[in-house]
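J.: Predicted structure and sequence below. I'll ask about it afterward.
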Amino acid sequence: MPFYTYEVDDAVDEHRYHNRQSVKLAGNGLIQKAWKRTHHECEGPWAVSNREMLQAGGINPNRSIVIDTSPRRDTVSLFELKYVLGVTYGWTPICLIIEELFSDRDVGIVPEIFKRDFLDGTSNRRKVRSILYLQESWLWGGAGRFASALLWEDVWDFFNTWQAPGHRPQS
């Protein structure tokens, strides 16, 4: 999954995303830089915003971080990163809080051309979460380069509210 920053300009009823630049999130990337800056390398739970990550990386904090979840497909799947939540204790499970710009969208032109400069007017901006983990070296964990799932609001709500039959919440 490639990660990019975009300049975002207001248009009439939408935003224009342009001037795309590749960016690194893991392996001494923006996540770790923001974590060090805001949490002073402590263990335990933490959260960093899009703005904090950009500032920590010396990037204009008015830009936006966008994840391309399907870079080699004939459709476009772009998600705007809002926050990263994590818990550090040797390894670091993280939750990306993202907004759907486009998911498996046929944009009518070559996807790579579209991704360089696009308008978000048809985006529904549904909140989505993705669970990943970072190893001690702050590199992505998992068997493949990325081992993650995208969880839309209804799935997230189900996971958060489900209880095993006969289970009584602890008080």
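T.: Okay, I see it.

J.: residue ranges for the helices of the protein, please.
T.: In the chain, helices defined by DSSP state H lie at 30-39, 50-56, 111-116, 153-161, listed in chain order.

J.: By mean pLDDT, show me the worst of these.
T.: Mean pLDDT per stretch puts helix 153-161 lowest among these, at a mean of 78.

J.: What is that one packed up against?
T.: Here helix 153-161 touches strand 127-134, going by 3 or more Cβ pairs under 8 Å, 6 or more residues apart in numbering; DSSP states H and E. In short, each C-beta sits where N, CA and C put it, glycine included.

J.: Now do the strand it packs on against helix 30-39, angle only.
T.: Interaxial angle of strand 127-134 relative to helix 30-39 (axes from the mean of the first three to the mean of the last three Cα atoms, to 10 degrees): 90 degrees.

J.: related to what we said a few turns ago, for L96, find the nearest of the helices of the chain.
T.: Taking Cβ to Cβ as the measure, the helices of the chain were each checked against L96, and helix 30-39 came out nearest at 9.4 Å.

J.: if we look at the closest one, which residues are touching it?
T.: Residues outside helix 30-39 that contact it (Cβ atoms under 8 Å, 6 or more residues apart in numbering) are 23-26, 41, 46, 48, 52-57, 59, 65, 84, 86, 88, 94, 134, 138.

J.: From these, which land in strands?
T.: With strands defined by DSSP state E, the entries of the contacts of helix 30-39 inside them are 46, 48, 65, 84, 86, 88, 94, 134.

J.: The fifth one contacts I97, correct?
T.: No. The criterion here is Cβ atoms under 8 Å, and G86 misses it with I97 at 11.4 Å.

J.: the more surrounded of the two?
T.: Set G86 next to I97 and count neighbours by other Cβ atoms under 10 Å: G86 wins out with 20 against 17.

J.: Quick check: bridge partners of the more buried one?
T.: For G86, the beta-bridge assignment (DSSP bridges) gives partners W46, I94.

J.: Spit out the contact partners of it.
T.: Counting by Cβ under 8 Å, 6+ apart, the residues that G86 touches are 31, 35, 45-47, 92-95, 134.

J.: if we can go back for a sec, okay, the helices of the chain in JSON lines with distance to S70 next?
T.: Supplementary listing: these in JSON lines, determined by distance: least, Cβ to Cβ, whole Å:
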{"stretch": "helix 30-39", "distance to S70": "21"}
{"stretch": "helix 50-56", "distance to S70": "21"}
{"stretch": "helix 111-116", "distance to S70": "9"}
{"stretch": "helix 153-161", "distance to S70": "19"}
